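Trainee: whatever this is, show me its structure:
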Amino acid sequence: MNECSCKSCGCCGAEQKVYQAFAGVDHISAFEVVGVSCVISGGGEDAAEEINALWETFFKEQVESKIESRQDDVIYAVYSDYEGDHTQPYRLTIGYKVPEDAGKELPEEFYRVEVKEEDYALISTGGEQPKALLEAWKTVWQSDLDRCYKTDFEVYGSKFFEEGVHEVLVAVGVNVD
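Mentor: Alright, predicted model coming up:
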């Protein structure tokens, strides 16, 4: 598929997701992600080590080759099952978006998580990774966002793999009322 700078155009004939630098709030419908998963202890150095280990497992296990029903090659990191705020244990699942009816063909060792339908604060971060991503999360943690701690997620699309760009979209579930 050709890369283009629009969401739908005549040049490529396909609808594409384009993640440009953006900060704002958007309502996102529920969807499911399947991949490797573990419970993270909470904040601090232990959490960073657990997260790094899960990413290593994701690539070592070649998850993309085992989820044939994935909707595309975009990688999602979903934070769910919070036991409190971001300093308490939560689950991290790294994988791919799948259709709701995907199931029987998925390997049993993978975890399925539903990203909840809700309002999300969206932050686009790019540049040197994981430094830029960590800075984005620090900004979230220090902000006055009214987080709901149901699901948050990161999107690693084609721009993440572009030399010099390395863009990640961070979506943080928030209460907007």
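Trainee: now the longest helix along the chain: buried residues?
Mentor: Longest among the helix segments of the chain by residue count, using DSSP state H, is helix 45-60. Across helix 45-60, burial judged by 16 or more other CB atoms under 10 Å covers A47, I51, L54, F58. Every C-beta, even on glycine, is put in place using the N, C-alpha and C of the backbone.
Trainee: and these, which two are furthest apart?
Mentor: By the measure CB to CB, A47 and F58 form the most distant pair in the buried residues of helix 45-60, at 16.5 Å.
Trainee: what's the nearest residue to the residue nearest the centre of the chain if we skip its chain neighbours?
Mentor: Geometric centre of the chain, nearest residue: E154, 2.5 Å, by CA atoms, centre = their mean. With sequence-adjacent residues excluded and distances taken as CB to CB, 6 or more residues apart in numbering, E154 is closest to A77, at 4.3 Å.
Trainee: picking that back up, correct me, but the residue nearest to the centre of the chain touches E167?
Mentor: No - the criterion here is CB atoms under 8 Å, and E154 misses it with E167 at 10.7 Å.
Trainee: report the rounded mean pLDDT for the helix or strand that contains Y76.
Mentor: In the assignment (DSSP states H and E), Y76 maps to strand 75-80. Taken as a whole, strand 75-80 has a mean pLDDT of 98.
Trainee: now tell me what touches that strand from outside.
Mentor: With contact meaning CB atoms under 8 Å, 6 or more residues apart in numbering, strand 75-80 is reached by 33, 35, 58, 90-97, 113, 115, 150-156, 160.
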